[in-house]
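Enquirer: Need the 3D shape of this:
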Amino acid sequence: MRRSALRLGVLIAIVVVAAQALLIPLFAAPAAKLAARDLPIAVAGPPQLVAGLNVAHPGAFDITTVADPAAADAAIRDRDVYGAVVVTAAGPEVHVASAASPTVAMLLTQAAAALNVAPTGGGAPAGAATGPAAGTTPDAATGPAAGTTPDAATGPAAGTTPGAATGPAAGATPGAAAGLAANATPGAATAPAAGAVVPVRDVVPVDSDDARGAGFGAAFLPLAITSLLAGVLVFLLVRRRGARAIALVTFGVLAGLAGAAVQQAWLGILPGDYLAVASVLGLFALAMAGTTAGLGALLGRGGLALGAVVLFLVGNALPGIAAAPELLPQPWGAVGQWLPIGAGGTLLRSVAYFDGNGALFAGTVLSAYAIGGLVLVVLGRHGVSRTRPELAKAPESPSELVTAS
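Expert: This next block holds a predicted model:
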């Protein structure tokens, strides 16, 4: 008995350590390797500007050419791009949307410090230069100086803010600030004139009460935890399938209304229409809880474990909420958008800040999880109450009692 208990204890230790060895790189590797990878941006300027960006930052940008700054801003508001580099009569400008990703806004702000483009209509030939000058280090870009704390940087203010640097979002690694610089080819372009400052305009800024976007990302963790817990408890404690489905829908509605009230009315960190935000949070909560309970109904307790691993552990490591999916190593950034946490973050940004633009894919993913989970709950057999055996019929007369004995 003592030997079997010892073996069990050692086996548990080995299994947990093996899981730990897998979880550490799952969380740490994507965060440590944040960098721009085919990041969608717009360019309104001469062809040389596009060529300069591609040479200075190979593989960093997926560039869309637009006619003018107004078209670039429209693409940002439609969530087609994260930012834009435009050339006006006064010279180059960088337009960002910190509401889409504070980290991306910071990276584009840093890239702005290395721009050297002739103004439209200027006497000099229109050229483009986006990389650091030969011999300079990546830290020469605008942004938090080496050794400073994250609070040393401020997010780009609404309107034109020369040289504003957006602070890193919660959960972003210190190396994220060097994401563009890591892709830059030193000496690929001419350095800007000494003291030149490229204006940075935040087209869609984050809420003023959440200037770094940290609250937006942090709010998803407790909602994901409670939704997972709700799915487990509904499966274990509610025995009838119809009652389970009703309980899950009720939880989703209440979680959405409460979550929106806390973030908007109490903390004030989230803009947008209250009912629209509540609908997104409720759909996310139902997707998490419903899928967890549905897997339990399909596979039993093993389904609950599968839901916790895939939906919470893997989903929480790859959502790109604090940065952007395009900054994560691929294909993991794309994989995260197929899971509820990543899709929920994208959908909430679209609804709260961008009038629903860019919400179709994320909304479809969350709806599929929510509906699929409810279907599994209704059709699943595990944990469903079974008809109790009827009690033996009582003897009706003393003769029957004697016969039965």
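Enquirer: looking at this structure, which helix or strand does the model trust least?
Expert: Least confident helix or strand, the chain: strand 159-162 with a mean of 42, by mean pLDDT, DSSP states H and E.
Enquirer: In the stretch 1-150 of the chain, what residue spans correspond to helices?
Expert: Ranges of helices in the stretch 1-150 of the chain, per DSSP state H, counting those that start in this stretch, are 2-32, 47-56, 69-77, 102-112.
Enquirer: Pick the most buried one from those helices.
Expert: Most buried of the helices of the stretch 1-150 of the chain, by mean neighbour count (mean count of other C-beta atoms under 10 Å): helix 102-112, with a mean of 30. Quick note: C-beta positions are derived from backbone N, CA and C, even for glycine.
Enquirer: Would you pull up how far that one lies from the middle of the chain?
Expert: Centre-to-centre, helix 102-112 and its host chain are 18 Å apart (C-alpha atoms, centre = their mean, to the nearest Å).
Enquirer: Give me the domain ranges for this structure.
Expert: Split into domains by automatic domain parsing, the chain comes to 33-205, 214-379.
Enquirer: and the end-to-end length of the longest one?
Expert: One end of domain 33-205 to the other measures 26 Å (C-alpha to C-alpha, to the nearest Å).
Enquirer: Point to the residue nearest the middle of this protein.
Expert: For the chain, the residue sitting closest to the mean C-alpha position, by C-alpha atoms, centre = their mean, is residue 321 at 2.4 Å.
Enquirer: Tell me which residues touch that residue, please.
Expert: Shown in contact with residue 321 (C-beta atoms under 8 Å, 6 or more residues apart in numbering): 171, 216, 217, 220, 341, 342, 345.
Enquirer: Over to residue 219?
Expert: Residues in contact with residue 219 (C-beta under 8 Å, 6+ apart) are 259, 263, 269, 270.
Enquirer: Check residue 42 too.
Expert: Residue 42 makes contacts with 63-66, 71-72, 75-76, 80-81, 83-85, as judged by C-beta under 8 Å, 6+ apart.
Enquirer: One more pass at 6 Å, please.
Expert: 64, 66, 72, 75, 81, 84 (C-beta atoms under 6 Å, 6 or more residues apart in numbering).
Enquirer: likewise residue 280?
Expert: 347, 348, 351.
Enquirer: what about 8 Å?
Expert: 256, 344, 347, 348, 351, 352.
Enquirer: Hmm, residue 287 and the first one touching each other?
Expert: The reference is to residue 256. No: with contact defined as C-beta atoms under 8 Å, residue 256 does not reach residue 287; the gap is 11.3 Å.
Enquirer: now, which of the contacts of residue 219 lie within helices?
Expert: Residues of those located in helices (DSSP state H): residue 259.
Enquirer: Output the contacts of residue 219 as JSON lines; include the columns neighbour count and pLDDT.
Expert: Listed next are these as JSON lines, based on neighbours: other C-beta atoms under 10 Å; pLDDT from 0 to 100:
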{"residue": "259", "neighbour count": "24", "pLDDT": "97"}
{"residue": "263", "neighbour count": "26", "pLDDT": "96"}
{"residue": "269", "neighbour count": "21", "pLDDT": "94"}
{"residue": "270", "neighbour count": "26", "pLDDT": "94"}
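Enquirer: JSON lines for the contacts of residue 219, including distance to residue 7?
Expert: As requested, the contacts of residue 219 are arranged in JSON lines below (distance: C-beta to C-beta, whole Å):
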{"residue": "259", "distance to residue 7": "46"}
{"residue": "263", "distance to residue 7": "49"}
{"residue": "269", "distance to residue 7": "51"}
{"residue": "270", "distance to residue 7": "52"}
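Enquirer: mind listing which of the contacts of residue 219 are in strands?
Expert: Among the contacts of residue 219, no residue falls in strands (DSSP state E).
Enquirer: Pick the one among the contacts of residue 219 closest to residue 211.
Expert: Lowest distance from residue 211 to these (C-beta to C-beta) belongs to residue 269, with 9.7 Å.
Enquirer: Just to check, that closest one is in contact with residue 213?
Expert: No: counting by C-beta under 8 Å, residue 269 stays clear of residue 213, with 9.1 Å between them.
Enquirer: do you know how far the closest residue to residue 98 other than its chain neighbours is from residue 333?
Expert: Excluding its sequence neighbours, the residue lying closest to residue 98 (C-beta to C-beta, 6 or more residues apart in numbering) is residue 105, at 4.2 Å. Distance, residue 105 to residue 333, by C-beta to C-beta, to the nearest Å: 18 Å.
Enquirer: Now do the same contact list for the closest residue to residue 328 other than its chain neighbours.
Expert: Distances taken as C-beta to C-beta, 6+ apart place residue 30 nearest to residue 328, at 4.7 Å, with adjacent residues excluded. Contact analysis of residue 30 by C-beta under 8 Å, 6+ apart lists 317, 318, 328, 329, 332, 333.
Enquirer: related to what we said a few turns ago, output the helices of the stretch 1-150 of the chain in TSV; the columns should cover mean pLDDT and distance to residue 337.
Expert: Formatted as TSV, those follow (pLDDT from 0 to 100; distance: least, C-beta to C-beta, whole Å):
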stretch	mean pLDDT	distance to residue 337
helix 2-32	87	13
helix 47-56	87	25
helix 69-77	96	20
helix 102-112	87	16
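Enquirer: Residue 363 is nearest to which of these?
Expert: helix 69-77 (18.2 Å).
Enquirer: what does the closest one rub up against?
Expert: 42-44, 64, 66, 81-84, 86, 88, 93, 95-97, 100, 203-204, 354-355, 357.
Enquirer: Stretch 265-272 now?
Expert: By C-beta under 8 Å, 6+ apart, the list of residues contacting stretch 265-272 from outside reads 207, 209-210, 215-216, 219, 260, 263-264, 277, 348, 351-353.
Enquirer: Neighbours of residue 205, how many?
Expert: 23 (other C-beta atoms under 10 Å).
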